[in-house]
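*Asks:* Sequence first, then the predicted structure, then my questions.
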Amino acid sequence: MTLARLIKRQFDVAVSGAILVLGTPFLALIGLAIKLDDGGPILFVQDRVGEGGGVFRCYKFRSMVAGAEERGLGGQVAENDDRLTRVGRVLRSWTLDELPQLFNILRGDMSIVGPRAWIPSHAERCTGWARRRFEVKPGLAGWAWIHGRNLVPWEDRVRMDVWYVDHWSLRLDAYILAKAFVLLLRRRGVYGPGGVTQDPHR
């Protein structure tokens, strides 16, 4: 591991650990709100593809009704989706549903900055040069993420992910983090064009 990679990992551990410890009361309140809303599970757990193509269990706060993937738009989510719970709608609006992924970062499955983690069915259809996006750990925010999140066409996101792999540096990560903070405050790109997240294979 190069010095730059070691620094990146130490940063991931320090930041995710600090947020999890200091933010415990806030995380507990979110969990309580989800439970009181409809009585369902607090966490949504799903397989995601990580560095080198390995699969890991990814954690999120549940924002939709149980079994949502078998109803309505399936894996897609609309801004006015009736599968979203009342609490879940707020969590998604502020990207708070992804806070449990800090556990994934602490464990080493993910990084704070990197390409978004794909589900296996999407990763299986990724071929050729595009698979280079799996040469680094997935992250909460990445190069494609700060350029519009779900508003960016899927093919462009993949090209941006590969660009990130080719040009990675600590300075680039710092830039992405700064831009991500601004994007979070604006809540831009939570949903795709027309208020619906994109399915890359439809």
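*Replies:* Ah, there it is. Numbering: from 1, shown residues only.

*Asks:* average pLDDT across the lengthiest helix in the chain?
*Replies:* Here the longest helix in the chain is taken by residue count, with DSSP state H as the criterion, and it is helix 3-22. Looking at helix 3-22 alone, the average pLDDT works out to 97.

*Asks:* That one packs against which elements?
*Replies:* helix 101-107, strand 111-113, helix 170-186 (3 or more Cβ pairs under 8 Å, 6 or more residues apart in numbering; DSSP states H and E). (Each C-beta comes from the backbone N, C-alpha and C, glycine too.)

*Asks:* List the buried residues for it?
*Replies:* For helix 3-22, the neighbour count (16 or more other Cβ atoms under 10 Å) marks Lys8, Phe11, Asp12, Ser16, Ile19, Leu20 as buried.

*Asks:* Tell me the one of those nearest Gly39?
*Replies:* Ranking the buried residues of helix 3-22 by separation from Gly39, with Cβ to Cβ as the measure, puts Leu20 on top at 25.4 Å.

*Asks:* That closest one against Ala14, yeah?
*Replies:* No - with contact defined as Cβ atoms under 8 Å, Leu20 and Ala14 do not form a contacting pair (11.1 Å).

*Asks:* re the thing from before, comparing the helices and strands packed on helix 3-22, which gets the lowest mean pLDDT score?
*Replies:* When I compare the helices and strands packed on helix 3-22, helix 170-186 is least confident, with a mean of 91.

*Asks:* just how off-centre is it within its chain?
*Replies:* In this view, helix 170-186 has its centroid 14 Å away from the chain centroid, taken as Cα atoms, centre = their mean, to the nearest Å.
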